[in-house]
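Colleague: Take this sequence and fold it.
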Amino acid sequence: MTPSRPSCLAPEASNSVEDTHIKSIRPLITPALLREWLPAPAATHALVAASRSALTNVLEGRDDRLIVVVGPCSIHDHAQAIEYATRLKQQADALAKDLLVVMRVYFEKPRTTVGWKGFINDPNMDGSFAINDGLQKARALLLEILALGLPVGTEFLDLLSPQFISDLVSWGAIGARTTESQSHRQLASGLSCPVGFKNGTDGGVKVAVDAILAARAPHAFIGMTQMGQSAIFETTGNQRCHVILRGGKQPNYSAADVDAACALLRKAGLREQVMIDVSHANSNKQYLRQIDVAQDVASQIAAGDARITGLMIESHLNEGRQDIVPGQPLAWGVSVTDACISMEQTIPVLQQLADAVRTRRQRSGTQR
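Modeller: Down below sits the predicted model:
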């Protein structure tokens with residue numbers, strides 16, 4: 001019998017019937033060890049619990065504020081993320097009576113073909129794939145943002161990474177490319193935070209409605225424990241899931257699109273409510289159009305539409321995007337994935353959304 005090879009070495013190609021395309025297998029830190037190294041203070045977990053509860057109240061109609069998930073398309077630098085969070089916290093506090101602001105802190109990026117996969121997968125942005133470092137840096141950043149008093153939201157793309165950071169996340173998203181994935185629906189069924197499912201890349205909303213129904217149900221599946229062991233997880237189902245309209249072959253943020261999405265939700269026996277992503281296909285990949293789309297959505301809210309419970313905005317310190325070029329320094333505060341509007345452009349949008357919520361509240365005759 002041939003002795004087993006060490007897990008950290010590249011597989012031997014000769015006479016092998018498995019691992020023929022595996023370059024190497026490296027050890028992974030366990031979630032339990034990372035959480036021991038970077039523990040969450042009691043005040044941090046209290047903020048996460050309180051913000052999850054507040055989000056649930058909006059999603060279930062007990063709070064008429066608007067959820068706004070806003071921040072960079074992706075995180076690539078700790079200091080820039082903290083500068084953004086500090087400035088966003090000022091706006092979140094000023095508009096707290098009307099908006100429930102959650103910072104978008106995305107660490108994993110789905111790629112249509114290939115490209116930089118995000119802060120966890122390749123934190124050094126050089127193809128070294130220092131994933132253990134990426135996990136530590138991601139958790140450390142979340143802890144620092146939460147220490148500012150700002151709740152965070154992220155996309156759950158990898159099925160194992162939530163074990164490292166999910167205790168710090170107040171709201172999660174399942175992206176358009178993975179909404180149809182059974183594994184991600186099962187994952188959402190066991191998450192402790194509210195989860196938004198985006199419509200499919202073709203614009204189909206029914207796939208997101210089906211995902212909500214699946215995530216609300218109990219499931220059993222194979223996963224990894226915080227101790228890094230494989231295990232069978234049994235979930236009770238997550239009742240705090242909702243649809244995110246992000247466009248497809250054409251935008252789907254109009255009043256007619258909201259009506260159509262809510263009709264599908266009603267038919268499925270689900271609460272009629274949507275979050276609208278003003279970026280992606282809804283802005284036709286033109287980042288400045290996010291401002292126009294947000295203005296349209298604000299007018300729907302001001303007209304009294306209570307079914308619009310949230311908005312997503314891609315925003316960074318400075319506008320636009322840039323490529324990652326080896327040996328070339330990056331501009332400060334500019335996205336390296338999708339183009340974003342600047343913080344200066346974001347602030348008036350937030351104020352406009354808050355005004356719309358106040359107008360909607362006046363129309364309904366309620367006061368805060």
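
Colleague: neighbours of residue 60, just the number please.
Modeller: 14 (other CB atoms under 10 Å). Using the backbone N, CA and C atoms, a C-beta is placed for each residue, glycine as well.

Colleague: same thing with the one 4 residues further on?
Modeller: For residue 64, the number of neighbouring residues by other CB under 10 Å comes to 17.

Colleague: doesn't residue 363 make contact with it?
Modeller: No - contact between residue 64 and residue 363 fails when scored by CB atoms under 8 Å: they sit 10.8 Å apart.

Colleague: Show me where the stretch 101-250 of the chain has its strands.
Modeller: Secondary structure of the stretch 101-250 of the chain by DSSP state E, counting those that start in this stretch: the strands cover 152-155, 171-174, 195-198, 220-224, 230-234, 241-245.

Colleague: Quick one: closest of those strands to residue 326.
Modeller: Closest to residue 326 of the strands of the stretch 101-250 of the chain, according to CB to CB: strand 152-155, at 26.6 Å.

Colleague: other SSEs contacting the closest one?
Modeller: Helices and strands touching strand 152-155, as assessed by 3 or more CB pairs under 8 Å, 6 or more residues apart in numbering; DSSP states H and E, comprise strand 99-104, helix 131-147, strand 171-174.

Colleague: Using a markdown table, lay out the ones you listed together with mean neighbour count and mean pLDDT.
Modeller: Shown next, in a markdown table, are the helices and strands packed on strand 152-155 (neighbours: other CB atoms under 10 Å; pLDDT from 0 to 100):
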| stretch | mean neighbour count | mean pLDDT |
| --- | --- | --- |
| strand 99-104 | 25 | 98 |
| helix 131-147 | 20 | 98 |
| strand 171-174 | 26 | 98 |
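
Colleague: Nearest approach to residue 264 belongs to which of those?
Modeller: strand 171-174 (17.2 Å).

Colleague: How about residues contacting that closest one?
Modeller: 51-52, 55, 67, 69, 102, 151-156, 166, 181, 184-185, 187-188, 191, 193-198, 211, 244 (CB atoms under 8 Å, 6 or more residues apart in numbering).

Colleague: Taking strand 99-104 as reference, get the angle to the biggest helix by length in the chain.
Modeller: Across the chain, the helix with the greatest residue count (assigned by DSSP state H) is helix 343-364. Per axes from the mean of the first three to the mean of the last three CA atoms, to 10 degrees, the angle that helix 343-364 makes with strand 99-104 is 150 degrees.

Colleague: gap between stretch 162-170 and the chain center?
Modeller: Mean C-alpha position of stretch 162-170 versus that of the full chain (CA atoms, centre = their mean, to the nearest Å) differs by 12 Å.

Colleague: make that stretch 304-321, sorry
Modeller: Here the centre of stretch 304-321 is set off from its chain's centre by 13 Å, with CA atoms, centre = their mean.

Colleague: List the buried residues of that stretch.
Modeller: Using 16 or more other CB atoms under 10 Å as the burial criterion, the residues of stretch 304-321 that qualify are 305, 307-319, 321.

Colleague: so how far does that stretch reach from one end to the other?
Modeller: Start-to-end span of stretch 304-321 (CA to CA, to the nearest Å) is 35 Å.

Colleague: again, but for stretch 100-119
Modeller: Start-to-end, stretch 100-119 (CA to CA) is 26 Å.

Colleague: Next, the buried residues of that stretch.
Modeller: Residues 100-109, 116-119 are the ones in stretch 100-119 that count as buried (16+ other CB under 10 Å).
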